[in-house]
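S.K.: Sharing a model prediction with you, sequence too.
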Amino acid sequence: MGIINVTPDSFYDGGETTHKASILQQAEKMLSEGATFLDVGGYSSRPNAIAISEEEEISRVVPAIKSILDEFPETLISIDTFRSQVAKKAVEAGACMVNDISGGSLDEAMFTTVAKMQVPYILMHMRGTPQTMTQQTDYNDITIEVIRFFSGQIAKARLAGINDIIIDPGFGFAKTKEQSFELLQKVELLKQLDAPILAGISRKSMIYKTLNISAKEALNGTTVLNTLALQKGTSILRVHDVKEAVECIKLTEMLTPYL
């Protein structure tokens, strides 16, 4: 899953894909490198990001989705939003999946909206909002509490009528660096929830803070952790760098006959 942030303030690539030409250039590059999905987001979810209105978010993502599909009509696009109205407008524009960083906890209409649209739903674990999540990292057992959250939210989503659910542990979201590594170490335990697992580790602070480098220098670290995530049962990698992630998947798949 290739990340296309149509935001001016995302932590790694903010401002790089806010115009049609740059969006299409990035989409073409990711698709040619082997991306299965493109994940379009118009609301920066980095810690302490500036909140924007629904109207502003819609005005960012809908034209981007339409432009990509006009140029590359076979593209599978997910909309990265925690707002049901943004999800609705994006799917009407051609998106075929909803990626919700709040796992349905920030908009009570999200589950019913996704169910009506009958599209797959990515349910991520987070506490609070992007503005408050760094103050909400007090867990007794991070893995048990994440599993408990997923168990409850999956039940609610299925009750609402959502059939296809993917779970995302939410590395870095309301989690310290150490908690993110603990969760990654135990991520195979999430398989008991019987849903595909998505790992969004790409260039995150758990990498660059550990290595004392910048996000722009964190590609090698991303590949290392993506490899570990794949070996522990992750099905989807959400990344800024598609070529390297595809290589990671191909090489890891070569190990499967020998396991």
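M.R.: The structure has been received and is ready for your questions. Predicted, not measured: the structure shown is a model, and the values here were computed from it. Residues are numbered from 1 along each chain as shown.

S.K.: got the contact list for Ile68?
M.R.: 4, 23-24, 27, 38, 40, 75, 77 (Cβ atoms under 8 Å, 6 or more residues apart in numbering). C-beta coordinates here come from the backbone N, C-alpha and C atoms, glycine included.

S.K.: nearest to Val62, of these?
M.R.: The closest of the contacts of Ile68 to Val62 turns out to be Val40 (Cβ to Cβ; 9.4 Å).

S.K.: Can you tell me which helices and strands the strand or helix carrying the closest one packs against?
M.R.: Assigned by DSSP states H and E, Val40 belongs to strand 38-41. Using 3 or more Cβ pairs under 8 Å, 6 or more residues apart in numbering; DSSP states H and E as the contact test, the elements touching strand 38-41 are strand 2-5, helix 20-32, helix 54-71, strand 77-80.

S.K.: Run a quick neighbour tally on Met96.
M.R.: Careful, residue 96 is Cys; it's not Met. Neighbours of Cys96 under the rule other Cβ atoms under 10 Å: 15.

S.K.: Quick check: Ala195 vs Thr75, distance?
M.R.: From Ala195 across to Thr75, the span is 24 Å (Cβ to Cβ, to the nearest Å).

S.K.: Closest one to Ala155 out of the contacts of Ile68, please.
M.R.: The closest of the contacts of Ile68, once distances to Ala155 are taken by Cβ to Cβ, is Ile77, at 27.7 Å.

S.K.: how about the closest one, what does it touch?
M.R.: Contacts of Ile77 (Cβ under 8 Å, 6+ apart): 37-40, 65, 68-69, 90, 94-97.

S.K.: all strands in the stretch 101-250 of the chain, in order from the N-terminus.
M.R.: Assigned by DSSP state E, counting those that start in this stretch, the stretch 101-250 of the chain shows strands spanning 121-124, 165-168, 198-199, 236-237.

S.K.: Can you check which of those gets nearest to Leu189?
M.R.: Closest to Leu189 of the strands of the stretch 101-250 of the chain, according to Cβ to Cβ: strand 165-168, at 11.7 Å.

S.K.: in the stretch 151-259 of the chain, which ranges drop under the pLDDT threshold?
M.R.: Filtered on pLDDT under 70, the stretch 151-259 of the chain yields the residue ranges 259.

S.K.: can you map out the helices along it?
M.R.: For the stretch 151-259 of the chain, helices defined by DSSP state H, counting those that start in this stretch occupy the ranges 177-185, 205-211, 219-231, 242-253.

S.K.: partners of the strand holding Val40, with directions?
M.R.: Taking DSSP bridges as the criterion, strand 38-41 forms sheet pairs with strand 2-5 (parallel), strand 77-80 (parallel).

S.K.: Would you double-check that Lys89 falls in a helix?
M.R.: Yes: judged by DSSP: H, G, I helix; E, B strand; the rest coil, Lys89 forms part of a helix.
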